[in-house]
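Enquirer: have a look; sequence and predicted model below, questions after that.
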Amino acid sequence: MLFSTSCSEGGVIREAHFNKSSFANLKGWKNDRHLAAFKAFLKSCDAMMKRKSGDPISGLTSIGGKSEDWQQICVAGLISEIESDQEAREFFEKWFTVYSITDEKGSDIGRMTGYYEIELNGSRKPTKKYRYPVYKTPPNIEKLKGCNGFCHASINRGALKNKKLEIVWVDSKARAFFLHIQGSGVVRLPGGQEVKLGYACQNGFPYTSVGSVFKKYGIEGVCTATQIMEWLDKNPKRGIRLMEENKSYVFFREVYGESPIGGQGVPLKGERSIAIDAKLYPYGAPFWLETNLPTTEYSRSTDPYNRLMVAQDTGGAIRGAIRADIFFGRGTRAEVLASSTSSIGRCYILLPKSVYVPTTQKAF
């Protein structure tokens, strides 16, 4: 049974084709820690249970059926007393059908990358050490978006100074820059308290990859995010100019309770939450990923990385049928893996057995 979904953005058509498969075809399916994935899925249920039962599960794609298709599964999960990986595995096998995915070219291979919740050191007040501000959204943001005086460089030069928009000040311009790239983070204050930050808004300019800027200027031997941050800190004057080639600037809000919060509006779980193309797939859908992590102090490229994830986030660079951004959590391990991961792999989507999958569909 072959089904497909497609969407067009900027003249480029993105399609996802679904072929009904089985759990037996998922490499390492029985060896995964399904209980962790089940708990992540229940977080998505918090959002899905709030939707009207007769409404589509997504306002961006028609794949996934109605909210009631998912709500009956959520109720079953919420009232269950699942406490083991086997029970969680049987839950997914009972309620979902597996579909393999191919793209518009007929390929079942795509790109897997990673992101994380970056940690920074900062202060509620500016000091000689803590001098790089993290701003909340200006009240007149819609009028300012895209204006030349509101680009990254202009803001660095004081466009928002004395506007009382600072949330915190941090001690590293490079890590502040990567806070913008990651979209969320945690700032540790001198007294030991933490300020959790989540994405709020953006200045209206397109994002330019810092990696492409390094390549443009022929800076070699700097590949991972960790290496880039180290280079930027060691070369502050040149680093500022390189960072400002990305005219995009992100504004933040304080987050209380669990963090970070993904596009679905639920807390993300390290190595169980992924960002997907939300114009192709609904939030809350379980995905089975088959890929490999890079060789680092925490992983070996020869080891398969096959596990059940839940689509709970999206991102501007996450486009395409077989494209997943793995949330690795926070801490040193997460930073190393997220900054190093760029692997090829396969994706399978799990959809409720009650859902009809249309042969084709266009994005809204």
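Expert: On my side now, so go ahead.
Enquirer: look at the spatially closest residue to residue 58 that is not a sequence neighbour and tell me its secondary structure.
Expert: Beyond its immediate neighbours in the sequence, the residue positioned closest to residue 58 (CB to CB, 6 or more residues apart in numbering) is residue 282, lying 3.8 Å away. All C-beta atoms are positioned from the backbone trio N, CA, C, and that covers glycine. What DSSP: H, G, I helix; E, B strand; the rest coil gives for residue 282 is coil.
Enquirer: list the contacts of residue 282.
Expert: Listed by CB atoms under 8 Å, 6 or more residues apart in numbering, the contact set of residue 282 reads 57, 58, 60, 61, 63, 64, 311.
Enquirer: how close does it sit to residue 351?
Expert: 9 Å (CB to CB, to the nearest Å).
Enquirer: with residue 190 instead?
Expert: For residue 190, the distance to residue 351 equals 49 Å [CB to CB].
Enquirer: quick one, which of the two is more surrounded?
Expert: residue 351 (26 against 13; other CB atoms under 10 Å).
Enquirer: what are the ranges of the strands in the stretch 101-250 of the chain?
Expert: Along the stretch 101-250 of the chain, the stretches classed as strands by DSSP state E, counting those that start in this stretch are 110-123, 132-135, 166-170, 184-188, 194-202, 250-255.
Enquirer: residue ranges in the stretch 251-364 of the chain under the pLDDT threshold?
Expert: Applying pLDDT under 70 to the stretch 251-364 of the chain flags the ranges 358-364.
Enquirer: so what's residue 207 closest to, chain neighbours aside?
Expert: residue 248 (4.4 Å).
Enquirer: coming back round to it: shared neighbours, residue 282 and residue 351?
Expert: Shared contacts of residue 282 and residue 351, defined by CB under 8 Å, 6+ apart, are found at 63, 64.
Enquirer: can you list the buried residues in stretch 221-231?
Expert: For stretch 221-231, a neighbour-count test (16 or more other CB atoms under 10 Å) marks 222, 224, 225, 226, 228, 229, 231 as buried.
Enquirer: next one: stretch 160-170
Expert: By 16+ other CB under 10 Å, the buried positions in stretch 160-170 come out as 160, 166, 167, 168, 169, 170.
Enquirer: domain parsing for this protein?
Expert: Per the record, the chain has its domains at 2-111+270-294+303-326+342-352, 114-255, by automatic domain parsing.
Enquirer: show me how far the last one is from its chain's centre.
Expert: Translated: domain 114-255. Domain 114-255 has its C-alpha centroid displaced from the chain centroid by 18 Å (CA atoms, centre = their mean, to the nearest Å).
Enquirer: repeat that for the first one.
Expert: Relative to the chain's own centre, domain 2-111+270-294+303-326+342-352 is displaced by 14 Å; criterion: CA atoms, centre = their mean.
Enquirer: if we can go back for a sec, deepest-packed of the domains of the chain, please.
Expert: Highest mean neighbour count of the domains of the chain: domain 2-111+270-294+303-326+342-352, a mean of 18 (counted as mean count of other CB atoms under 10 Å).
Enquirer: mean confidence for stretch 136-146?
Expert: For stretch 136-146, mean pLDDT rounds to 93.
Enquirer: dump that stretch to CSV, restricted to CA.
Expert: Extracted in CSV, the C-alpha atoms of stretch 136-146 (Å, rounded to 0.1, in the frame of the first residue of the first chain):
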residue,chain,number,x,y,z
LYS,A,136,13.3,39.5,25.2
THR,A,137,11.0,40.5,22.3
PRO,A,138,10.6,44.3,21.7
PRO,A,139,6.9,45.4,21.9
ASN,A,140,7.0,46.8,18.4
ILE,A,141,8.6,43.7,16.8
GLU,A,142,6.3,43.5,13.8
LYS,A,143,7.3,47.0,12.6
LEU,A,144,10.9,46.3,13.2
LYS,A,145,11.2,43.0,11.4
GLY,A,146,13.5,43.1,8.4
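Enquirer: identify the residues contacting it?
Expert: 150, 160, 163, 165-167, 200-201, 203-205, 251-253.
Enquirer: tabulate those residues (a markdown table), appending distance to residue 80.
Expert: Below are the contacts of stretch 136-146 laid out as a markdown table (distance: CB to CB, whole Å):
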| residue | distance to residue 80 |
| --- | --- |
| 150 | 50 |
| 160 | 49 |
| 163 | 50 |
| 165 | 46 |
| 166 | 46 |
| 167 | 40 |
| 200 | 36 |
| 201 | 39 |
| 203 | 45 |
| 204 | 46 |
| 205 | 47 |
| 251 | 40 |
| 252 | 37 |
| 253 | 34 |
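Enquirer: nearest to residue 341 among the residues you listed?
Expert: For those, the minimum distance to residue 341 (CB to CB) is 24.3 Å, reached by residue 252.
Enquirer: my read is that that closest one contacts residue 195, right?
Expert: No. Checked against CB atoms under 8 Å, the pair residue 252 and residue 195 is beyond contact range at 9.6 Å.
Enquirer: shared neighbours of these two, anything?
Expert: What both residue 252 and residue 195 touch, as defined by CB under 8 Å, 6+ apart, is the set residue 167.
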